[in-house]
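Peer 1: fold the following for me, if possible:
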Amino acid sequence: MEYKVIRGFTDRTDSHKYAVGDRYPYRGFAKKERVAELSTEKNKRGVALIEAAEKKTIKDEPVKEETSDEISVEEKPKKKGKKE
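Peer 2: Okay, the predicted model is just below:
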């Protein structure tokens, strides 16, 4: 599962500074206990610092509809030396 930072903090485990919107952890995987601590008020600051991030799927991406006027087909260059 991925998490995003909702309040900036410096992680006491590795001194990495997180800003709002950053991914947590910035590398590797987080331990369940640490995620539980940071996602609730059961930490030194007393407020949640991270939350589960919504995973983007292809369905979430807007799709641009192309019209036949926008679609271009390139002609293949004719090979030299062949007679038609």
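Peer 1: can you tell me the element residue 47 falls in?
Peer 2: Of the helices and strands defined by DSSP states H and E, none includes residue 47.
Peer 1: got it, and residue 29?
Peer 2: Under DSSP H and E, no helix or strand contains residue 29.
Peer 1: how much space separates it from residue 16?
Peer 2: Using C-beta to C-beta, to the nearest Å, residue 29 is found at 14 Å from residue 16. C-beta: built from backbone N, CA, C; applies to glycine.
Peer 1: who has more neighbours out of those two?
Peer 2: The residue with more neighbours, out of residue 29 and residue 16, is residue 16; 14 against 8, by other C-beta atoms under 10 Å.
Peer 1: and for that one, nearest residue in space, chain neighbours not counted?
Peer 2: Sequence neighbours aside, residue 26 is the residue nearest to residue 16 in space, at 6.0 Å (criterion: C-beta to C-beta, 6 or more residues apart in numbering).
Peer 1: show me the helices in this protein, by range?
Peer 2: Per DSSP state H, the chain carries helices over the ranges 32-38.
Peer 1: low-confidence ranges in it?
Peer 2: Along the chain, segments meeting pLDDT under 70 span 56-84.
Peer 1: same thing but 90
Peer 2: Within the chain, the ranges that satisfy pLDDT under 90 run 1, 13, 28, 30, 54-84.
Peer 1: can you map out the strands along it?
Peer 2: Assigned by DSSP state E, the chain shows strands spanning 3-5, 9-10, 17-18, 23-24, 50-52.
Peer 1: mind checking how far the closest residue to residue 34 other than its chain neighbours is from residue 51?
Peer 2: Distances taken as C-beta to C-beta, 6+ apart put residue 13 closest to residue 34, at 7.0 Å, once the chain neighbours are dropped. To residue 51, residue 13 is 19 Å away according to C-beta to C-beta.
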